[in-house]
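Visitor: What follows is a predicted structure for the sequence shown.
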Amino acid sequence: MRWQDDPVLEVEHLKMRFGGLVAVNDLSFSVGRGDITALIGPNGAGKTTVFNCITGFYRPSEGMLSLRHDDGTTLLLERLPGHSISWKAKVARTFQNIRLFTGMTVLENLLVARHNPLMLASGFTVFGLLGLPGFRDAERQAVEQAKFWLEKINLIDRADDPAGDLPYGAQRRLEIARAMCTDPILLCLDEPAAGLNPRESHELNELLLSIRQDHGTSILLIEHDMSVVMGISDHVVVLDYGTKIADGTPEEVRNDQSVIAAYLGVEDEEVEHVEAEVGL
């Protein structure tokens, strides 16, 4: 199990309080290097709160978030400012609600992801204004990377169209491609299949499997679409009211009585009775 033998992210005893409310309670789990890990649970289970702690939107009340790079460097995410988690730790994310720059073109949305390296190459505008070779090379590489991802998500013919004109499923793919243009080692996706039809969900599955296989990127996703979760995940972690109730392979989680009880909204001992009533 890569999440045990070679974790890229270790979440240890994470707790997040909002006043008197404990949204996440003593949560520990790992994300394996090169794995697709799904974080699932009923609505209000605390999944997005966990994402916000990992990606720097919230400062955890307690706990440690350790990210290990391929070179052995370990970064403690809870100690980094939010912008450094993307730039230095190389953690990228998408959101439940699509956050594209709708008035910019499809290509420009991907180039935005290269803002930091382009600013460095420009000497914070001076070298860019002078058109020096270092900046021109960085700019050319950014465009080539953007074109690569547009080809991969089948949007190269829409490169000059406003991103807001794309169909919903294409916008979802574009947002994932933009995140990948930051060269992340951990990609966090918050409900990437939300609102997709079955064909688009299948295309999403193929894209995420390709990202894992071809680029070696570790993926942590929140998802309610169980066809996506069970179809592509190596590892599944289940939350209920901010507490971990299951952690294992998709098959192990699918058959876990606590998970079934949480999704049915009943106590563990009532699961068999309810399943019989509804014909499961």
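Guide: Arrived safely, thanks for sending.
Visitor: which residues of the stretch 151-280 of the chain fall in helices?
Guide: With DSSP state H, counting those that start in this stretch, the ranges of helices along the stretch 151-280 of the chain come out as 168-180, 198-215, 226-232, 250-254, 257-264, 271-278.
Visitor: Could you tell me the angle between the second one and helix 168-180?
Guide: Meaning helix 198-215. Between the axes of helix 198-215 and helix 168-180, defined by axes from the mean of the first three to the mean of the last three Cα atoms, to 10 degrees, the angle is 20 degrees.
Visitor: Who are the packing partners of helix 198-215?
Guide: Using 3 or more Cβ pairs under 8 Å, 6 or more residues apart in numbering; DSSP states H and E as the contact criterion, the elements in contact with helix 198-215 are strand 36-40, helix 168-180, strand 218-222, helix 226-232. The way it works is simple: take the backbone N, C-alpha and C, and place the C-beta from them, glycine included.
Visitor: Go again with 6 Å.
Guide: Using 3 or more Cβ pairs under 6 Å, 6 or more residues apart in numbering; DSSP states H and E as the contact criterion, the secondary-structure elements in contact with helix 198-215 are helix 226-232.
Visitor: what residues does the helix it packs on touch?
Guide: The set of residues external to helix 226-232 that reach it, using Cβ atoms under 6 Å, 6 or more residues apart in numbering, is 36, 38, 40, 193, 201, 205, 208-209, 223, 250.
Visitor: Do I have it right that Glu200 meets Gly169?
Guide: Yes. Applying Cβ atoms under 6 Å, one finds Glu200 in contact with Gly169, separated by 3.7 Å.
Visitor: circling back: mind putting the contacts of helix 226-232 in CSV, distance to Glu10 included?
Guide: What follows is the contacts of helix 226-232, written out as CSV (distance: Cβ to Cβ, whole Å):
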residue, distance to Glu10
Ile36, 17
Ala38, 17
Ile40, 19
Ala193, 26
Ser201, 30
Asn205, 27
Leu208, 22
Leu209, 24
Glu223, 21
Pro250, 21
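Visitor: for this structure, what spans make up the strands?
Guide: With DSSP state E as the criterion, the chain has strands at 7-18, 21-32, 36-40, 62-68, 74-76, 91-93, 186-190, 218-222, 235-240, 243-248.
Visitor: Report the buried residues of the fourth one.
Guide: Within strand 62-68, the residues scored as buried using 16 or more other Cβ atoms under 10 Å are 63, 65-68.
Visitor: same deal with the last one?
Guide: For strand 243-248, the buried set under the neighbour-count rule, 16+ other Cβ under 10 Å, comprises 244-248.
Visitor: Also stretch 182-202?
Guide: Applying a neighbour-count criterion of 16+ other Cβ under 10 Å, the buried positions in stretch 182-202 are 182, 184-193, 196, 200-201.
Visitor: first to last residue in that stretch, what's the distance?
Guide: Across stretch 182-202, the straight-line distance between its terminal residues is 24 Å, by Cα to Cα, to the nearest Å.
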